[in-house]
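1. with the input below, show me the fold.
(3 chains)
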Amino acid sequence: MTLESVIFSVLAASAVGSALLVVTRRNPVMSALYLIVNFFCLAGLYLTLHAQFIAIIQILVYAGAIMVLFVFVIMLLNLGDERKLSDGVSWKKIVAAGFCAALLMEFVYILIYSEPSPAVMSASMATEIGTVEYIGSQLFTKFLFPFEITSLILTAAIVGAIVLAKRKLD
Amino acid sequence: MIPFWIILLKIVVVLGVLMTAAALVTFLERRISAFIQNRIGPNRVGPQGLFQIMADLVKLVMKEDIVPTAANKTVHDIAPMISISIALCTFAVIPFGNTIELFGYQVKLIIADVNIGILFILAMTSMGVYGVSLAGWSSNNKYSLLGGLRSSAQLISYELAMGLSIIGVLMVAESLRLDQIVMHQTRYLVGWLPAWNLFVQPLGFVIFFVAAFAETNRLPFDLPEAEPELVGGYHTEYSGMKFGLFMFAEYANMITSSALITTLFLGGWHIPFSENWGVSPLVMSLLQVLAFCVKVSIVVFFFIMVRWTIPRFRYDQLMNLGWKVLLPLSIANVLGTGLAILLISS
Amino acid sequence: MIEQYYPIFVMIAGGVVFGVLMGKVNEFLGPSRPTEEKSSTYESGMEPIKTARERFSIKFYMVAMLFIIFDIEVVFLYPWAVSYKQLGIQGFVTMFVFIAVLLVGYIYVWRKGALEWD
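-> This next block holds a predicted model:
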């Protein structure tokens, strides 16, 4: 086993572990913290795929911006005290468990029976493809239209944020 | 290929120097503030009171760790750890010198020269919000909560201006590697003016400088711990070394910010006109490290001077400055730089 | 490529270890004599009135939302800035349109008074 695969295994295991902790913690703030740990593990996994820019954006945007909002909301909703939220078995839970099982079977099926896809690009290119320079040269030439559309989506998000909060602001 | 033990050695040296410097700056701040306010300041322990740092450390370590019963113990413990871990690891991508011949290897004086460079620092700084906001929330104290909230909102607001103000620098240097950015500043403009980004990007420099003050919670932006209204702000309920860690993180952040300002705008380790001095490469490398330290010290000194000279902002003024002044200004800076580059290249 | 990041991993690990050690040091070296008075919440010497688990102004929430949106805008600017000299005039126009659209949103936010703190 090479050092790289050891690192992959450690990161993957801690990603799964922290994800489990997110859903099992009673205290929502602790869940949010484990989600941040999970994002760091994901960023590490992106690094093993040579996607350096995506890795750092994962931390900068998800862990550094979106999770801040999550933490704020948890504080705003005043969910501070750890109450026991479980309420026994209900039909909703049974249906959800059924769906989860079906999804799991699907993943297992894909994992076992699918052929690995042929490498689309050479190994030398793979090291370069995750750099900022490469993304810049592609995003603003080849994928120009989707990029410009993003600005419209972001503007829509701004308007949405204002409309949501406006009643409270006045 | 440089063996890993050399990299480990670099890490140990950098962390050691960073911690020592942070401790030293706490002492310097007390002496300089005393000088500015016409007091004497700590001068009893050791020569010029220099061992005061040791005395303070021992005192903090031997204190009782008081956690209020109403607080959330786990999060209360974690918050200062987040702050200090982040403050210590941001230095990883800052070049503190060019290359040096060490044990027969050409060693680059930077811990990790990676493609994303500066983004690593921004990402790590954005994590700093959690230390502050969780400390405020977990203490279950009104002063702490308000301090933590104010501080979080301030940090994220100025992070935008900070991120935007360096875009101009990146456009000029065409890289996110801090090493490359310094290299780009080793040229000369009209034959004699060093091409420091201070002269190339003056507006970006001012915005970054202001944002750096806000990001390190220093006066005039230290609203989170505005003593008259909020007692101690987010660390009101902290004692002992956990309180010490917040202080320590603040000073470590201040040094890292100064190092970043030096690297981005003041030419990093470069000494102007030193190319024709004709000294040996080894002496040159050492001089460059020295130059880096001197530049950082000057910026740190400026940080301290400002704190004891300028009064505090009001919260609405602070948010207005961030969102209504710095943000549009930095966007204008990006577009202006873009136009200038087009004009020069055509 | 990832081997360039090993030093950063070591650095982060070092920071975390130092943080945990120092955060716990008082539990080993310091005394532990809690009294009811000592571990009550500090409120300038008064009896604490209710807890601090109160709801707070929606403005903080608003700032966090706007921050996410503008942060994503800034993220797009990094790859653009790095390859700007290659993109030339076309790159300038591209980003001008992008920023102009977002500027409309920014002006909307300003006019709606979401940036006011009173």
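2. residues contacting stretch A:2-22, please?
-> A:30-31, A:34-35, A:37-38, A:41-42, A:44-45, A:48, C:2-3 (CB atoms under 8 Å, 6 or more residues apart in numbering or on different chains). Yep, even glycine has a C-beta here, placed from its N, CA and C like the rest.
3. now those: which count as buried?
-> With burial judged by 16 or more other CB atoms under 10 Å in any protein chain shown, the buried subset of those is A:30-31, A:34-35, A:37-38, A:41-42, A:44-45, A:48, C:2.
4. can you pull the contacts of residue 70?
-> If you meant another chain, say so; for now it's chain A. Neighbouring residues of residue A:70 by CB under 8 Å, 6+ apart: A:32, A:35.
5. ah, no, chain C please
-> Counted by CB under 8 Å, 6+ apart, residue C:70 has contacts B:160, B:327, C:102.
6. among the contacts of stretch A:2-22, which one lies nearest to chain B?
-> residue A:30 (6.8 Å; CB to the nearest CB).
7. so where's chain A uncertain?
-> Confidence mapping of chain A against pLDDT under 70 gives the ranges A:1, A:78-88, A:118-126, A:167-170.
8. list the contacts for the residue of chain B at minimum distance from chain A?
-> Nearest residue of chain B to chain A, counting by CB to the nearest CB: residue B:126, 3.0 Å away. Contact analysis of residue B:126 by CB under 8 Å, 6+ apart lists A:59-60, A:63-65, A:68, B:156, B:159.
9. 6 Å instead, please
-> Applying CB atoms under 6 Å, 6 or more residues apart in numbering or on different chains to residue B:126 gives the contacts A:64, B:159.
10. can you tell me the helix or strand for it?
-> Assigning secondary structure by DSSP states H and E places residue B:126 in helix B:118-138.
11. I'd like the mean pLDDT over that helix, please.
-> When pLDDT is averaged along helix B:118-138, the result is 89.
12. just the element for the residue nearest the centre of chain A, please.
-> Centroid-nearest residue in chain A, with CA atoms, centre = their mean: residue A:39, separated by 6.4 Å. With secondary structure defined by DSSP H and E, residue A:39 is part of helix A:28-48.
13. send me that helix as PDB with only the CA atoms.
-> The C-alpha coordinates for helix A:28-48 follow below in PDB (Å, rounded to 0.1, in the frame of the first residue of the first chain):
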ATOM      1  CA  PRO A  28     -27.300  20.600  16.900                       C
ATOM      2  CA  VAL A  29     -24.100  22.700  17.400                       C
ATOM      3  CA  MET A  30     -22.000  19.500  17.800                       C
ATOM      4  CA  SER A  31     -23.700  18.100  14.700                       C
ATOM      5  CA  ALA A  32     -22.700  21.300  12.800                       C
ATOM      6  CA  LEU A  33     -19.100  21.000  14.100                       C
ATOM      7  CA  TYR A  34     -18.900  17.400  12.900                       C
ATOM      8  CA  LEU A  35     -20.200  18.500   9.500                       C
ATOM      9  CA  ILE A  36     -17.300  20.900   9.300                       C
ATOM     10  CA  VAL A  37     -14.900  18.100  10.100                       C
ATOM     11  CA  ASN A  38     -16.600  16.100   7.400                       C
ATOM     12  CA  PHE A  39     -16.000  18.900   4.900                       C
ATOM     13  CA  PHE A  40     -12.300  19.000   5.800                       C
ATOM     14  CA  CYS A  41     -12.200  15.200   5.100                       C
ATOM     15  CA  LEU A  42     -13.900  15.700   1.800                       C
ATOM     16  CA  ALA A  43     -11.400  18.500   0.900                       C
ATOM     17  CA  GLY A  44      -8.600  16.000   1.600                       C
ATOM     18  CA  LEU A  45     -10.300  13.400  -0.600                       C
ATOM     19  CA  TYR A  46     -10.500  16.000  -3.500                       C
ATOM     20  CA  LEU A  47      -6.700  16.500  -3.000                       C
ATOM     21  CA  THR A  48      -6.100  12.800  -3.600                       C
END
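14. who are the packing partners of the helix or strand following it?
-> Following helix A:28-48 in sequence order, the next helix or strand is helix A:52-57 (DSSP H and E). Helix A:52-57 makes packing contacts with helix A:28-48 when contacts are defined by 3 or more CB pairs under 6 Å, 6 or more residues apart in numbering or on different chains; DSSP states H and E.
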